[in-house]
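1. My questions concern the predicted model and sequence given below.
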Amino acid sequence: MLFRAFLLSLCFAASLAAAPNFLIFIADDLGEGDLSIYGHPVLETPNIDRIGREGMVFDRAFLTTSSCSPSRSSILTGRYPHSTGAEDLHMPLPAEQTTFARVLRGEGYHNVTVGKWHLGEAEKARWAQVAECAGADTARVALEQLRARPKDKPFFFWVASKDPHRPFDSDAIAQPHRPEDVALPPYLPDHPLIRKDLALYYDEVTRFDEHVGQILGELESQGVLDETVIVFLSDNGMPFPRAKTTLYDSGIRTPLLVRYPSLVPKGKLQTGLFSVVDLIPTLLDIAGVEASASEGGSRLAMWRDPEAPGRDAIYAEANWHDFEQFTRAVRTPRYLLVRNYYWRKPLWNSVDSVNSITWKGFLAVARAGGLTPPQKFLLQEPRPFEEFYDLQVDPASLENVVGRPQYDAELNRHRTLLDNWRVKTSDAMPDEPRLDGWTRDGRPLPHNQPWYDNYIKAGGRSNFETF
Ligand SMILES: [Ca+2]
C-alpha cells in the first residue's frame with residue numbers, strides 16, 4: 001500500500017514536472033488590429049508582436065461580448081456570457097462556475113492575477129495571489145510575483161493590465177503620439193478632440209507593450225519562456241463610439257497571439273474563425289485535463305497547423321453595459337448578422353465613451369451636419385431589428401444589406417444559425433428590460449447613484465476607471 005502511494009506520488013511529481021506554465025496577457029479595451037503585427041499604420045508594439053512572430057497570429061479571433069467583466073468571465077469559463085451567471089457589466093462570477101483557475105488549482109498550479117480583477121469575490125478563492133494594480137504598475141507587480149512564485153509548481157499568470165482603458169494617463173510614455181498622426185476608423189469623424197483622444201489611447205497601448213517586453217524578459221531570465229504557453233488578447237473593443245459594447249468587428253474581434261514552441265509553429269498566420277469559448281478548452285487540452293463545463297471545445301489543431309480549418313461561425317451577445325441591451329450576433333467568414341431585440345433604443349456607447357472628449361467632438365461634428373450616414377447610425381432611434389453585413393465588401397460593417405434580394409438566402413441561413421445557437425445555449429430574454437444606469441449624456445441615474453458613490457469612495461479615479 002505504501003509502495004503504491006509512493007509510486008502514485010512519483011507519477012504526480014512527474015506529471016507536474018511536465019505540466020506547461022500558462023501566461024495570458026489580457027489588455028483592457030484594446031481594439032481589433034491595434035498592434036503593429038496586424039499592420040497598424042501608426043502603433044509600434046514590438047514586444048507584443050514578438051509573441052506572434054515566434055508563434056501564431058490569429059486574424060479572425062472573436063470575443064463573445066464587448067464588455068469587460070462579462071468577457072473575462074466568458075473567457076475563463078469557456079462559456080457564453082448568458083451561461084456564466086455574470087452576463088451584465090460588474091456582475092460577480094458565481095462560485096459554482098468552473099474556471100480555468102479552479103481546474104488548474106486542482107492540478108497543483110500556482111495561480112496569480114495581476115492588474116485588473118473585476119470578477120467578484122467568489123472567484124478569488126481559486127487564486128494564490130490577486131495582485132490588483134494600476135496600468136502603470138503592471139510590469140513591476142508581475143515581476144515581483146514571478147520572482148516570488150514557488151519554483152516547484154507550474155504556474156498560471158493572468159496579466160490583466162488596465163491599459164488602454166480610460167481615463168488615459170497623459171504621461172503614459174516618454175514620447176507621446178501626435179494627434180496629427182492618428183489613423184481614424186471610418187465610423188469616427190475627423191475632429192481635433194477625437195485625434196487627441198486616439199493619441200492618448202495609443203500611448204497606453206504602447207505602455208502595455210513595454211510592460212509585456214519586461215515580463216517576457218523575466219520569463220527568459222528564469223529559463224521558463226519556452227515552457228510557458230503564452231497568449232495575448234483583449235477583453236473588448238477600443239473605448240470609442242461604435243467599438244466597445246458593439247457586436248461589429250470593432251467590438252468583438254480581438255488580437256490573438258499564441259506562443260508555445262513545442263506545439264505552435266513559428267511565425268504563422270491562422271485565418272480560420274476562432275472563438276474565445278474555445279481558448280480554455282484548448283489550453284486544458286495542452287495540459288492534458290478534460291474541460292467538461294465549457295460550451296466551446298479544443299481547437300488545438302488550429303494552433304498546431306495554420307492550414308487547419310476554423311469554426312463555421314462565431315456567436316456573440318450584448319447585455320447591460322451602463323445602458324440596457326439585448327443584442328445577439330452570428331458571424332461567419334464572410335457575413336455578420338446582428339439582431340437588436342431592443343431595437344427601439346439607440347445603440348449609443350459605454351458611459352466612459354459618452355464622457356470622453358471624443359464624444360464631445362462627435363456631437364460637435366453632428367451639430368455642424370458633418371457626419372457620414374454610417375456615423376449618424378449611432379444616434380439613430382429606432383434602429384433596425386436586424387442588420388446584415390457583407391464583410392467581403394464592407395469590413396467595417398457600415399452598410400446594412402437587409403432587404404436586398406441577392407442576400408436573402410444568406411440572411412436566412414444566418415437567422416437559422418442564430419436561432420439554433422440561442423436554443424442550444426438556452427438563451428432567454430429577461431421578462432423586463434433592466435433600467436439604464438445613466439442618462440444618455442452620462443450622468444448616473446438615481447438608482448445607480450449609490451453604486452457610483454461607493455466607487456468614488458473606494459478611490460475611483462476621475463469618473464469611470466473600472467468600466
Ligand atoms: Ca475592458
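-> Looks like it came in fine. Residues are numbered from 1 along each chain as shown.

2. How is the chain partitioned into domains?
-> Here the domain parsing of the chain from automatic domain parsing is 11-316, 322-441.

3. for the ion, what are the nearby residues on the protein?
-> 28-29, 68, 235-236 (Cβ under 5 Å from the ion). Where you see a C-beta, it was placed from the backbone N, CA and C, and this is true even at glycine.

4. neighbours around the residue of the stretch 1-150 of the chain found nearest the ion, how many?
-> Proximity of the stretch 1-150 of the chain to the ion (Cβ to the ion) peaks at residue 68, 3.4 Å away. Counted by other Cβ atoms under 10 Å, the residues lying close to residue 68 total 26.

5. go on, the one 4 residues further on?
-> Neighbours of residue 72 under the rule other Cβ under 10 Å: 28.

6. got it, and the one 5 residues further on?
-> Residue crowding around residue 77 was assessed by other Cβ under 10 Å; the count is 27.

7. Tell me who's in contact with it.
-> Residue 77 makes contact with 83-84, 93, 97-100, 280, 293-294, according to Cβ atoms under 8 Å, 6 or more residues apart in numbering.

8. Try it again at 6 Å.
-> 84, 97, 99 (Cβ atoms under 6 Å, 6 or more residues apart in numbering).

9. among the residues you listed, which ones are buried?
-> With burial judged by 16 or more other Cβ atoms under 10 Å, the buried subset of those is 84, 97, 99.

10. Let me have those in CSV, adding pLDDT and secondary structure as columns.
-> Formatted as CSV, these follow (pLDDT from 0 to 100; DSSP: H, G, I helix; E, B strand; the rest coil):
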residue, pLDDT, secondary structure
84, 98, coil
97, 97, coil
99, 97, coil
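
11. between these, which is nearest residue 334?
-> Set against residue 334, the nearest of those by Cβ to Cβ is residue 84 (29.3 Å).

12. Verify the stated contact: the closest one with residue 73.
-> Yes. Counting by Cβ atoms under 6 Å, residue 73 is a contact partner of residue 84 at 4.5 Å.

13. Can you show me the helices along this structure?
-> All helices of the chain, identified by DSSP state H, fall at 2-18, 46-53, 68-77, 100-106, 138-148, 192-221, 249-252, 279-287, 300-304, 351-354, 357-367, 373-376, 408-424, 449-457.

14. These into a markdown table, with extra columns for mean pLDDT?
-> Below are the helices of the chain laid out as a markdown table (pLDDT from 0 to 100):
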| stretch | mean pLDDT |
| --- | --- |
| helix 2-18 | 46 |
| helix 46-53 | 98 |
| helix 68-77 | 98 |
| helix 100-106 | 97 |
| helix 138-148 | 98 |
| helix 192-221 | 98 |
| helix 249-252 | 98 |
| helix 279-287 | 97 |
| helix 300-304 | 98 |
| helix 351-354 | 93 |
| helix 357-367 | 96 |
| helix 373-376 | 94 |
| helix 408-424 | 98 |
| helix 449-457 | 85 |
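
15. among these, which is the most enclosed?
-> helix 68-77 (a mean of 27; mean count of other Cβ atoms under 10 Å).

16. Just want the angle from it to helix 279-287.
-> 30 degrees (axes from the mean of the first three to the mean of the last three Cα atoms, to 10 degrees).

17. so what's the residue nearest in space to the middle of the chain scoring on pLDDT?
-> Of all residues in the chain, the one closest to the mean position by Cα atoms, centre = their mean is residue 235, 1.6 Å from it. Predicted confidence (pLDDT) at residue 235: the value is 98.

18. Repeat that for the one 10 residues further on.
-> pLDDT for residue 245: 97.

19. For it, give me its contacts.
-> Taking Cβ under 6 Å, 6+ apart, one finds 66-67, 321, 350 in contact with residue 245.

20. PyMOL command for the buried members of those residues?
-> Restricted to buried positions by 16+ other Cβ under 10 Å, the PyMOL selection for the contacts of residue 245 reads:
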select buried, resi 66+67+321+350
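
21. give me every residue that touches residue 215.
-> 139, 142.

22. Nearest spatial neighbour of the residue nearest to the centre of the chain, chain-adjacent residues omitted?
-> In space, residue 235 comes closest to residue 71 once its chain neighbours are excluded; the distance is 4.4 Å by Cβ to Cβ, 6 or more residues apart in numbering.

23. which ones are touching that neighbour?
-> By Cβ under 6 Å, 6+ apart, the neighbours of residue 71 are 63, 65, 235-236.

24. how about a cut-off of 10 Å?
-> Listed by Cβ atoms under 10 Å, 6 or more residues apart in numbering, the contact set of residue 71 reads 26, 63-65, 81, 89, 118, 233-236, 252, 254, 276, 316.

25. how about low-confidence regions in the stretch 301-450 of the chain?
-> The model of the stretch 301-450 of the chain has no residue with pLDDT under 70.

26. residue ranges for the strands of it, please.
-> Here the stretch 301-450 of the chain has its strands, by DSSP state E, counting those that start in this stretch, at 314-318, 327-331, 335-340, 386-390.

27. what angle separates the first one from helix 68-77?
-> In other words, strand 314-318. Using the same axes, to 10 degrees, the inter-axis angle of strand 314-318 relative to helix 68-77 is 150 degrees.

28. Which pLDDT value belongs to the nearest residue to residue 134 once chain neighbours are set aside?
-> Leaving aside its sequence neighbours, residue 134 sits nearest to residue 162 (Cβ to Cβ, 6+ apart; 6.1 Å). Per-residue pLDDT puts residue 162 at 96.

29. Can you name the residues that contact residue 162?
-> Residue 162 touches 27-29, 115-116, 118, 132-138, 204, 208, 465-466, counting by Cβ under 10 Å, 6+ apart.
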